[in-house]
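[1] Turn this into a structure:
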Amino acid sequence: MATLNQDFIQKQAYQTVNDVLNNYPGGLSGQNAQTFAGNSNSPATSAFNLKSLPIGSTLVLIDGFRFPTTGIAINQGTIPFVEINSIPLAAIDRIEILKVGGSATYGDDAIAGVVNIITKNDYNGADIINYFGESQRGDDEIYHLTNLGTLLVDGIEFGASYVTKEYSWGKLELDANASYIYNYSLKQLEVEPNGFAQFLVTNLTDTAGGSSESPPGSGPDFKIVASIFYSKHVFGNDLFRTGFTLNYENSELDNINDGHGTIPAGDAGLTAPGYVHLVGSWTTVDWQISYEFGPPAEITPETPKPGYDKEGKRVIGEKSIAPAPEGHGWTWRRLLDNTTFTFGIKNLSDAHPPLAFVGNGAYQRYDTLAANPVQRFFYGQIEKKL
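    Residues are numbered from 1 along each chain as shown. Next up, the predicted model:
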């Protein structure tokens, strides 16, 4: 058995699975190019066969499972085959080629041999490859873009803020930030009960987040946090501040859903076609009040030398004794300088989290990634800056 790994693929600068297999000794990749679209039912596709035997004599597997075939017509009628270029090259860990006939194990579609394409099982993130090449004569230009990612997220974030100057009555601060996710799709290899495998794209937009063992959801598609705070300097450098914060999360689907039609109802566990569980929206209001003891006022010492007054004139008698430095000492107010006392209440209205039939696979009765079951919560904080 021959093995072609990613190290071999990258050293050859191959861009498609067809490039890899077409340059493998003993193999022949049949390219149904776009230029022959008029004579083909499946333009721009590729099939692979070992030992120059007809198309359909070599079995192509994905991670050991049969991959759905497509139809092709190259002067031979319609012959089912696996379109090898439908598999992103960046998703492949290695390609294993069994060069001896495997019909006794797999059937008559493995007379020439078996090709097993092994995909990466620990892939996380995204991989973008931009390839361009041309001959020294300036022709035969090749441009290829590969964009591989297990998770595709499309959304927007926006916000605004406004702060007034401090008037005699105080100052206002307004702030709002929001996000909207309009596409949250997961691409994964799905193995059917009949042993066939295929890449499925599941739409998990506006769906409760899953546990580590299940596909993750985007959570509520729309969220906003808005606040309004009032502040005013009092007693010189001290600062009084209070305000409210609004938290809003839109409704979402819980874990029992059909992925907006991308998951068959049977696989999703729905009790009826099209039936889904909708988790309601959640709105909470927080309140906070704080008082900051400002830094000490800067006082320029006015302490003349012994025997002289502030004007520098010489004095005699008791007046010549050095006076005490001006300014205050270690009083309670001095100890509180640069100290902030804060008190607040989260979920002021004691709003219950919206009911969810399944919460992240643990039956928590709420979405543990989007809601908090504590409800009303009191807190206090003391901060001292040195």
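[2] Leaving out sequence neighbours, find the closest residue to Thr207.
    Using CB to CB, 6 or more residues apart in numbering and skipping residues adjacent in sequence, the residue nearest Thr207 is Gly217, 3.3 Å away. Where C-beta positions appear, they are placed from N, C-alpha and C, glycine not excepted.
[3] how about the one you found, secondary structure?
    Three-state assignment for Gly217 (DSSP: H, G, I helix; E, B strand; the rest coil): coil.
[4] shift numbering so it begins at 298
    Done: numbering now begins at 298, and the last item shifts to Gly514.
[5] Check the gap between the residue nearest to Ala475 when sequence neighbours are not counted and Tyr545 for me.
    Take Ala475 and drop its neighbours on the chain: the residue closest to it by CB to CB, 6+ apart is Ile521, 4.0 Å away. Separation of Ile521 from Tyr545 (CB to CB, to the nearest Å): 5 Å.
[6] returning to that earlier point: for the residue nearest to Ala475, give me its contacts.
    With contact set as CB atoms under 8 Å, 6 or more residues apart in numbering, Ile521 has these partners: 473-476, 543-545.
[7] Which members of these are the farthest-apart pair?
    Maximum pairwise distance among these (CB to CB): 14.8 Å, between Ser476 and Leu543.
[8] Mind checking what secondary structure Ala387 has?
    helix.
[9] That one: neighbour count?
    Using other CB atoms under 10 Å, Ala387 has 17 other residues around it.
[10] can I assume Val317 sits in a helix?
    Yes. Secondary structure of Val317 (three-state DSSP): part of a helix.
[11] could you show me where the helices are in the chain, in order?
    303-309, 314-319, 400-403, 562-565, 629-632 (DSSP state H).
[12] where among those is the average confidence lowest?
    With a mean of 55, helix 562-565 has the lowest mean pLDDT of those.
[13] helices and strands of this protein: which one bottoms out on pLDDT?
    Lowest on mean pLDDT, DSSP states H and E among the helices and strands of the chain sits strand 324-329, with a mean of 53.
[14] List the buried residues for stretch 575-595?
    576, 579, 581, 583, 585, 587-591 (16 or more other CB atoms under 10 Å).
[15] Residue ranges of each domain in the chain, please.
    Under the assignment automatic domain parsing, the domains of the chain span 299-423, 448-592+634-681.
[16] Which one, of these, ends up nearest to Arg611?
    Among those, the nearest to Arg611 by CB to CB is domain 448-592+634-681 (37.5 Å).
[17] Would you mind measuring the gap between the ends of that closest one?
    Using CA to CA, to the nearest Å, the end-to-end distance of domain 448-592+634-681 comes to 44 Å.
[18] So, low pLDDT: which residues of the stretch 448-597 of the chain?
    Applying pLDDT under 70 to the stretch 448-597 of the chain flags residues 485-496, 506-513, 561-573, 594-597.
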